[in-house]
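# the sequence and its predicted three-dimensional model are supplied below.
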Amino acid sequence: MSYTLDPALLRDLTEAKAALARHGIVIIRAVESELEPALMAEVRDSVQSSPRKLAQLKEDELDDYMEKLRKAAAKSADELKNLYTRLLAKLGTEHLVDLTKELEGIGQLFKWDRIAKTVEPVNKLLESKGFRAIVLDAPEEISEGFRLELEDRWSASFTRFKALAENAAAEILRQEAEEAASSAPAKAPKRKR
């Protein structure tokens with residue numbers, strides 16, 4: 001099956017995909033380099049806000065505990081980075097019909113609510129020693145640039161790409177239906193006996 005898309009639609013779709021990839025890469029780099037330090041800043045605030053519980057830990061226990069917290073923050077950030085990398089790779093597919101079925105889910109994962117969940121493994125460790133849980137309330141807690149990229153640039157690029165991809169997929173399905181209809185054998189009329 002071969003199909004042809006309108007050259008203007010194909011050009012716009014290619015440009016939208018490239019813009020989306022650029023913004024996705026910036027988000028991934030921010031997750032990779034800025035999320036763990038933001039988590040650890042919140043961890044330090046949590047631990048320091050409970051001086052009595054902090055005093056109960058010996059120095060070497062505190063060092064081990066902080067290292068466990070750092071590793072949990074790093075692992076959580078790394079898992080999110082890997083998830084986003086896989087999702088961006090899916091956007092590169094040429095199978096637009098299949099991709100459009102997954103776009104809503106991809107759009108939901110590139111949102112602040114998903115990023116804020118990276119605190120969960122860290123919170124388990126904090127609460128196990130009686131420290132308060134941490135919360136990342138907004139993307140600017142990571143950085144203002146991250147907020148701008150996630151909420152403004154990515155969101156606008158994703159909306160544009162999704163609309164173009166859905167238009168292209170609809171055109172592909174229309175062409176496939178036409179080809180199937182034209183290549184289907186005509187039914188022979190029934191003979192009367």
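Nice, thanks for sending it over. Numbers count the residues shown, from 1 in each chain.
# can we go C-alpha only for contacts and neighbour counts from here?
Will do.
# so what's the gap between the top helix by length along the chain and the chain middle?
Counting residues, the longest helix found in the chain (DSSP state H) is helix 59-91. Taking Cα atoms, centre = their mean, to the nearest Å, the mean C-alpha location of helix 59-91 is offset from the chain mean by 16 Å.
# mind listing what's buried along that helix?
65-66, 69-70, 72-78, 80-81, 84, 87-88, 90-91 (16 or more other Cα atoms under 10 Å).
# pLDDT averaged over the next helix or strand after that helix - what is it?
Later in the chain than helix 59-91, the nearest helix or strand by DSSP states H and E is helix 96-109. On average, the pLDDT along helix 96-109 is 90.
# what's the helix or strand just after helix 96-109 in contact with?
Per DSSP H and E, the first helix or strand lying C-terminal to helix 96-109 is helix 112-116. Residues from elsewhere that reach helix 112-116 (Cα atoms under 8 Å, 6 or more residues apart in numbering): L80, Q108, V135, L136, D137, A138, P139, L150.
# OK, contacts around the closest residue to Y84 other than its chain neighbours?
Leaving aside its sequence neighbours, Y84 sits nearest to I28 (Cα to Cα, 6 or more residues apart in numbering; 6.6 Å). Applying Cα under 8 Å, 6+ apart to I28 gives the contacts K81, Y84, T85.
# the residue positioned nearest the centre of the chain and G24, how far apart?
In the chain, the centroid-proximal residue (Cα atoms, centre = their mean) is F110; its distance is 3.4 Å. Noted for F110: a distance of 9 Å to G24, by Cα to Cα, to the nearest Å.
# so what sits against both of those two?
Y84.
# quick one on the thing from earlier: for the residue nearest to the centre of the chain, give me its contacts.
Contacts of F110 (Cα under 8 Å, 6+ apart): Y84, L150.
# pLDDT below threshold where in this structure?
1-2, 184-193 (pLDDT under 70).
# go with 50
Within the chain, the segments meeting pLDDT under 50 span 1.
# give me the element the residue nearest to Y84 is part of.
Using DSSP H and E, I28 falls in helix 7-30.
# okay, that helix in CSV with CA atoms only?
Extracted in CSV, the C-alpha atoms of helix 7-30 (Å, rounded to 0.1, in the frame of the first residue of the first chain):
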residue,chain,number,x,y,z
PRO,A,7,3.2,18.2,0.2
ALA,A,8,2.2,21.2,2.4
LEU,A,9,0.8,18.8,5.0
LEU,A,10,3.9,16.7,4.9
ARG,A,11,6.2,19.7,5.2
ASP,A,12,4.2,21.1,8.2
LEU,A,13,4.1,17.6,9.8
THR,A,14,7.9,17.3,9.4
GLU,A,15,8.5,20.8,10.8
ALA,A,16,6.2,20.1,13.8
LYS,A,17,7.9,16.8,14.5
ALA,A,18,11.3,18.5,14.5
ALA,A,19,10.1,21.2,16.8
LEU,A,20,8.6,18.7,19.2
ALA,A,21,11.8,16.6,19.2
ARG,A,22,13.8,19.8,20.0
HIS,A,23,11.6,20.7,22.9
GLY,A,24,11.5,17.1,24.1
ILE,A,25,15.3,16.9,24.1
VAL,A,26,15.5,20.1,26.2
ILE,A,27,13.1,18.6,28.7
ILE,A,28,15.1,15.4,28.8
ARG,A,29,18.3,17.3,29.4
ALA,A,30,16.7,19.3,32.2
